[in-house]
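Engineer: The amino acid sequence is not available; the structure is as follows:
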């Protein structure tokens, strides 16, 4: 309960900070002269951003947990010049820690099991999407985006030794496992120009993903949702 309260308070603080940032930025924009439009509706834009990610695990349901992590992304978009529509492409990196019940059967050997083993999670994702911007020629542009993702998912286990395994031999354990995952995402946010060819983007993204079968989880998949909140800088070309 205490941990949940801390997470809730932290999330509320982030929301307040983002809201304050938007209010101040909008206020400055209306108070002074608006920037000349340098970010062309049919142009090419690039982004670089970072934020945090929260996970919700649906499988394995009872023992696989992931903590809040960090999120970084480099992305680009190309406008179609029609109704505020854009093709988007992105690469993202998500890192977190967690714990699970380890279950791995080496070929021809006894199954290695251990409860509550910690791990590092590294996820590299590649995305392709479609975006719609409102008020496309304005300095203030809300947007919505949907797309598909393909990822390279890696788990690195920590603390598997003779004192933590409950069956099998620790030396037979696989301490790192990598495989692909895939899914889809939805994103919404706001772009705010602060110079002729630069803008800030405040975004929230929800991912729904499925990994391949992991040998170290008893031949189970990981099904998860992730919510990211991040801030990016846009450069127009």
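Structural biologist: Done, it's in. These numbers come from a predicted model, not from an experiment. Numbering: from 1, shown residues only.

Engineer: so what's residue 103 up against?
Structural biologist: Each residue near residue 103 by Cβ atoms under 8 Å, 6 or more residues apart in numbering is listed here: 111, 112, 113, 216, 217, 218. In short, each C-beta sits where N, CA and C put it, glycine included.

Engineer: and the gap between it and residue 120?
Structural biologist: Distance of residue 103 to residue 120, computed by Cβ to Cβ, to the nearest Å: 18 Å.

Engineer: cool, residue 106 as well?
Structural biologist: Remark: distance between residue 106 and residue 120 (Cβ to Cβ) = 22 Å.

Engineer: and if you look at residue 71?
Structural biologist: Shown here: residue 71 relative to residue 120, a distance of 15 Å by Cβ to Cβ.

Engineer: With neighbour numbers in mind, choose between those two.
Structural biologist: When neighbours are counted by other Cβ atoms under 10 Å, residue 71 comes out ahead of the other of residue 71 and residue 120, with 23 against 15.

Engineer: Give me the mean pLDDT for stretch 192-206.
Structural biologist: Stretch 192-206 comes out with an average pLDDT of 92.

Engineer: What residues of that stretch count as buried?
Structural biologist: By neighbour count, with 16 or more other Cβ atoms under 10 Å as the criterion, the buried positions of stretch 192-206 are 192, 193, 197, 199, 200, 201, 202, 203, 205.

Engineer: try stretch 69-82
Structural biologist: For stretch 69-82, the neighbour count (16+ other Cβ under 10 Å) marks 69, 71, 72, 73, 75, 76, 77, 79 as buried.

Engineer: likewise stretch 113-128?
Structural biologist: Along stretch 113-128, these residues count as buried under the neighbour rule (16+ other Cβ under 10 Å): 113, 114, 117, 118, 119, 121, 122, 123, 125, 127.

Engineer: Now go through those and say which are in strands.
Structural biologist: When the buried residues of stretch 113-128 are checked against strands (DSSP state E), the matches are 113, 114, 117, 118, 119, 121, 122, 123, 125, 127.

Engineer: so can I have CSV of these showing distance to residue 140 and pLDDT?
Structural biologist: Converted to CSV, these look like this (distance: Cβ to Cβ, whole Å; pLDDT from 0 to 100):
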residue, distance to residue 140, pLDDT
113, 55, 96
114, 53, 96
117, 48, 96
118, 44, 97
119, 42, 97
121, 36, 96
122, 36, 97
123, 33, 96
125, 29, 96
127, 25, 97
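
Engineer: would you list the residues you listed in JSON lines and tack on distance to residue 93?
Structural biologist: Rendered in JSON lines, the data for those read as follows (distance: Cβ to Cβ, whole Å):
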{"residue": "113", "distance to residue 93": "31"}
{"residue": "114", "distance to residue 93": "28"}
{"residue": "117", "distance to residue 93": "23"}
{"residue": "118", "distance to residue 93": "20"}
{"residue": "119", "distance to residue 93": "17"}
{"residue": "121", "distance to residue 93": "11"}
{"residue": "122", "distance to residue 93": "8"}
{"residue": "123", "distance to residue 93": "7"}
{"residue": "125", "distance to residue 93": "8"}
{"residue": "127", "distance to residue 93": "12"}
